[in-house]
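# Just need the structure, nothing else, for what follows:
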Amino acid sequence: AQKLFADRVESFFFAHQVGYTGAVLFEVVFESQDLAQEIFYAIQEDEIGFHEIAYRHTTHPELRRLGGYRGLVLRKEMKPEIAASVFSATPPQILPLLATSEGVHLILVQELVQPQLDEAWRARILSDFFSEWLKEQIAEIQIELDIAKS
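Numbers count the residues shown, from 1 in each chain. Presented below is the predicted three-dimensional model:
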């Protein structure tokens, strides 16, 4: 991977830097708009904390234990409507409710993180390049095998 793609990493990173911008998020997804609205107002009135809500209403056991902590989520991994709200936030901030096909999202944006091209990012991008290249090579071999069988 290093030999094949090292010279492309830096330009690729800077061309796609917006997608590598991240946010440290806490999230709870509700099925009911009414329940989400009620809880959102309770949080706004300081009647209950976000992490307590996450513990009570998150169905995924690990996310419940972590108080809804999703960790660092990259912009390119988010739905566009969520990314737009997240990256216009002023952390720490609880966003207005966002409805998607998954449900009604209650999101706490803890921090926005600007990417730096460090060794970890270099390795990740090289790995992505190599994985794509490998898929192409396998597909090419498969086509050649199919032709040879004919």
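# For the protein, which segments are assigned as strands?
Under the criterion DSSP state E, the chain contains strands at 22-30, 69-74, 93-94, 98-100, 103-113.
# most tightly surrounded among these?
For these, the largest average neighbour count (mean count of other Cβ atoms under 10 Å) is found in strand 22-30, namely a mean of 22. (C-beta placed from N, C-alpha, C; glycine too.)
# Pull up the pairing partners for that strand, direction included.
Sheet pairing for strand 22-30, assigned by DSSP bridges, gives strand 69-74 (antiparallel), strand 103-113 (antiparallel).
# tell me what the longest helix along the chain is packed against?
Counting residues, the longest helix found in the chain (DSSP state H) is helix 119-149. If contacts are counted by 3 or more Cβ pairs under 8 Å, 6 or more residues apart in numbering; DSSP states H and E, helix 119-149 sits against helix 2-5, helix 9-15.
# ranking these by burial, who's on top?
Among these, helix 9-15 has the highest mean neighbour count (mean count of other Cβ under 10 Å), at a mean of 13.
# Contacts only, for residue 29.
By Cβ atoms under 8 Å, 6 or more residues apart in numbering, the residues touching residue 29 are 102, 103, 104, 105, 106.
# Out of those, the closest to residue 50 would be?
Comparing the contacts of residue 29 against residue 50 with Cβ to Cβ places residue 106 closest, at 7.7 Å.
# Tell me how far stretch 116-123 lies from the chain's centre.
18 Å (Cα atoms, centre = their mean, to the nearest Å).
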